[in-house]
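K.L.:
please find the sequence and the predicted model below.
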Amino acid sequence: MARRRHGLIGLVALLFVAAAWAGDGLLDALTKLGGKPAAAEQEFLPPDQAFVFSYDRAPNGGLQLDWDIAPGYYLYRDKIKFEPLSTGLELGTPELPPSESKDDPEFGIVQIYHGHQRARLPVTAPAGPEPVSVRVVYQGCAEKGICYPPIKKVVKLAASVLAPDANAAEVAPPAPPVAAPAPTPAAPPERSETDDLAAKLDHLPLAGVIALFFGFGLLLAMTPCVFPMVPILSGLIVGQKQPVTPARSVVLTLVYVVAMASTYAVVGLVAGLFGHNLQAAFQHPAVLVTFSVVFVLLALSMFGFYQLQLPPSWQTKLDGLSRRREGGNFAGVAIMGALSAIIVGPCVAPPLAGALLYLGRQGSPLVGGLALFVLGLGMGAPLLAVGFSAGHLLPRAGIWMETVKQTFGVVFLGVAISFLSRLLPGPATLSLWALLLIGSAIYLGALEPLQDAASGWQRFWKGIGLALLCYGVILIVGAAAGAEDPFAPLKPLTAAARERGPAEMPFAPVKGNDGLAAALATAQQNGRPVLLDFYADWCVSCKELERDTFSHPEVQAALRHAVLLRADVTDSDAADTALLKRFELQGPPAVLFFDPSGRERRGQRLEGYKGPQEFAARVRAAFGT
């Protein structure tokens, strides 16, 4: 009986861990919308469309610089540079806006920008009628695909325009910002599966955003986050001395739910007011650790180590207040609704964090408040059933409630691990997943003998427990060997054999169109196909391609008869720019294939990172091998 009671825990643990591994952790799963690319290849915007640049005179003197960054793209803060081009021109310290932190797999924690950004550059220009020039350099990447070469723009303004205007309030407003030349905007790039909630919502009308947030609230209502509200609301309804009518019960419930939703609306207003500052705050290690600790505490409570509740004195006072007011005082019910939102706040923190990131980027208090208000209404929708029943539809206690609590205890521990995975090294995270699996297996009785009279369900859950135990042990072995991928925990143990296989790819460097033409001519004389790889030191996906794809034996075998060329565009000089422009590429990584006659197999070209199997298949299709 006990084994059956706890059986659900094993299944949920198994499904939960698999779901968390498949994505970026449960936090991302809760804060993302699903979606798949409409095509295998992504279309990337030209740099002037991905990062629309404009400039004007700042009200207090100097240059005002604006970037409108397309959804799915970002700028590096440390790549924004300024260089005076005019004699006697002096540049002050740039006043850059607050940035966000991004955990870059190659470069560690970097500072980036999304959305609209504005900076100010103090400028001291010599007197005279001649205009002065400043070179502005910036660089960014697509969230999933390519990194652009550094973009260089020359800003020209009259020296007198750059001086502070003492009578700015009395003069006519300045002319519209001067936009850097850019082609007509094209359609936005296709979305990838890892686009976050904010990118998904950017182009939705207000009505669509409101409908989605209400749906998010309904999803949250299916979690244990709403469970504590049921007895609170029920106590308010049934705590009256005289019978309550269904109509009054509904009104009390509406007051309770609206008060709870209004509390979330206040949070949304703050998100709209403070904007991007919230994005950096939610990615701070202290916040992630705090969330992890909260969910560990919630998990231990679910396992029965202790009970999370208000202090007895508070409970007594609130209970007395509700009974003295006969449970029907609207102000008292509203206060309890607001308090309930605060009490369950830590439970809804992960999806709420994703919502606040989007609302902060919008910068609209109205949208922020309205969106979280309807989210609260969605969370409170099931509570209306309690109100309509005048308190009769209450969950009855039983063994099933304990099973549900313990199941969510496992889930909460997984949530904590998913938070910590953003901070800990891969092997450490792998060890935590192993401990969760092994603990769940032991709890399922994987190490206990089965009785002869054991039921089929008991034997089934015993098998699940043994599977979890075995895989947990494998994860520990992989973590000790330095593995980071839960789906390939033993990969480091086979790496030595792989290293004894094919050597590193012998790429020959080419520079510019002339260098490529000479290399293609030589290959044509020898009747050999050509692979051209566009690479840069600052390109994260290039390094992943080098590490995971080009080193794979299947890829090396497919390329054994090809001439391998590499165009290193790290410097982004004139030759590099001309070569990229020739092939209409926005930046690395990109891999082009040429047949023995020197003609590009354009339909087979690759942009962005591709795994070994997909890459090898593309090579075979391009070269007909």
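P.N.:
On my side now, so go ahead.
K.L.:
my read is C470 is in a helix, agree?
P.N.:
Yes - under DSSP: H, G, I helix; E, B strand; the rest coil, C470 sits within a helix.
K.L.:
do you know how far it is from G426?
P.N.:
As judged by CB to CB, to the nearest Å, C470 and G426 stand 21 Å apart. All C-beta spots, glycine's among them, are computed from the backbone N, C-alpha and C.
K.L.:
also L366?
P.N.:
Distance from L366 to G426, by CB to CB: 42 Å.
K.L.:
try D573
P.N.:
D573 is 37 Å from G426, by CB to CB.
K.L.:
please identify which of those two sits among more neighbours.
P.N.:
G426 (15 against 12; other CB atoms under 10 Å).
K.L.:
check the secondary structure at P588 for me.
P.N.:
Assigned with three-state DSSP, P588 falls in the coil class.
K.L.:
find the nearest non-adjacent residue to it, please.
P.N.:
Among residues not flanking P588 along the chain, F534 sits closest, at 4.2 Å (CB to CB, 6 or more residues apart in numbering).
K.L.:
show me what the longest helix seen in the chain packs onto, helices and strands only.
P.N.:
Taking DSSP state H as the assignment, the helix of the chain that covers the most residues is helix 246-274. Helix 246-274 sits against helix 229-238, helix 330-343, helix 349-362, helix 365-388, with contacts defined as 3 or more CB pairs under 8 Å, 6 or more residues apart in numbering; DSSP states H and E.
K.L.:
list the buried ones in stretch 608-625?
P.N.:
Going by neighbour count (16 or more other CB atoms under 10 Å), the buried part of stretch 608-625 is G608, Y609, K610, P612, F615, A616, R618, V619, A622, F623.
K.L.:
contacts only, for P149.
P.N.:
P47, Q139, A536, V569, S572, D576, T577, L580, G587 (CB atoms under 8 Å, 6 or more residues apart in numbering).
K.L.:
how much space between P427 and G587?
P.N.:
According to CB to CB, P427 stands 33 Å off from G587.
K.L.:
chain neighbours aside, what residue packs nearest to R528?
P.N.:
Spatial nearest neighbour of R528, excluding adjacent residues (CB to CB, 6+ apart): V563 at 5.1 Å.
K.L.:
so the one you found makes contact with A508?
P.N.:
Yes - the pair V563 and A508 qualifies as a contact (CB atoms under 8 Å) at a distance of 7.3 Å.
K.L.:
need the residues touching each of the two.
P.N.:
Jointly contacting V563 and A508 under the rule CB under 8 Å, 6+ apart are A519.
K.L.:
can you give me the helices for the stretch 501-625 of the chain?
P.N.:
In the stretch 501-625 of the chain, the segments counted as helices under DSSP state H, counting those that start in this stretch are 512-525, 540-544, 553-558, 574-582, 612-623.
K.L.:
let me see the mean pLDDT of the shortest one.
P.N.:
In other words, helix 540-544. For helix 540-544, mean pLDDT rounds to 74.
K.L.:
pull it out as PDB, backbone CA atoms only.
P.N.:
This file holds the C-alpha atoms of helix 540-544, laid out as PDB (Å, rounded to 0.1, in the frame of the first residue of the first chain):
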ATOM      1  CA  VAL A 540      30.800  31.600 -29.800                       C
ATOM      2  CA  SER A 541      29.000  29.400 -32.300                       C
ATOM      3  CA  CYS A 542      32.300  29.100 -34.300                       C
ATOM      4  CA  LYS A 543      34.000  27.600 -31.200                       C
ATOM      5  CA  GLU A 544      31.100  25.200 -30.700                       C
END
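K.L.:
let me see the domain layout of this protein.
P.N.:
Taking automatic domain parsing as the criterion, the chain consists of the domains 2-7+421-496, 26-32+197-397, 47-179, 508-623.
K.L.:
so for the longest one, mean pLDDT?
P.N.:
Read it as domain 26-32+197-397. Over the span of domain 26-32+197-397, the pLDDT mean works out to 67.
K.L.:
ok, stretch 428-436 next?
P.N.:
Averaging pLDDT along stretch 428-436 yields 92.
K.L.:
so E402: helix, strand or coil?
P.N.:
helix.
K.L.:
roughly how far does it sit from I442?
P.N.:
To I442, E402 is 18 Å away according to CB to CB.
K.L.:
ditto for Q604
P.N.:
52 Å.
K.L.:
got it, and H114?
P.N.:
For H114 relative to I442 (CB to CB), the value is 44 Å.
K.L.:
higher neighbour count, these two?
P.N.:
Neighbours per residue (other CB under 10 Å) separate H114 from I442, with H114 holding more: 23 against 15.
K.L.:
do I have it right that that one meets S99?
P.N.:
No - counting by CB under 8 Å, H114 stays clear of S99, with 9.5 Å between them.
K.L.:
could you tell me the end-to-end distance of stretch 114-125?
P.N.:
In stretch 114-125, first residue to last residue: 31 Å (CA to CA, to the nearest Å).
K.L.:
could you do stretch 529-539 as well?
P.N.:
For stretch 529-539, the first-to-last residue distance is 26 Å (CA to CA).
K.L.:
just stretch 141-154 next, same as before
P.N.:
21 Å.
K.L.:
any buried residues in it, and which?
P.N.:
C141, A142, E143, K144, G145, I146, C147, Y148, P149, P150, I151, K153.
K.L.:
looking at the residues you listed, which are in helices?
P.N.:
Residues of the buried residues of stretch 141-154 located in helices (DSSP H): none.
K.L.:
just the residues you listed now: which is nearest F213?
P.N.:
Nearest to F213 among the buried residues of stretch 141-154, counting by CB to CB, is E143 at 22.8 Å.
K.L.:
retrieve the pLDDT associated with the residue nearest to the closest one when sequence neighbours are not counted.
P.N.:
Once flanking residues are discounted, E143 sits nearest to G72: 4.9 Å by CB to CB, 6+ apart. As predicted, G72 sits at a pLDDT of 89.
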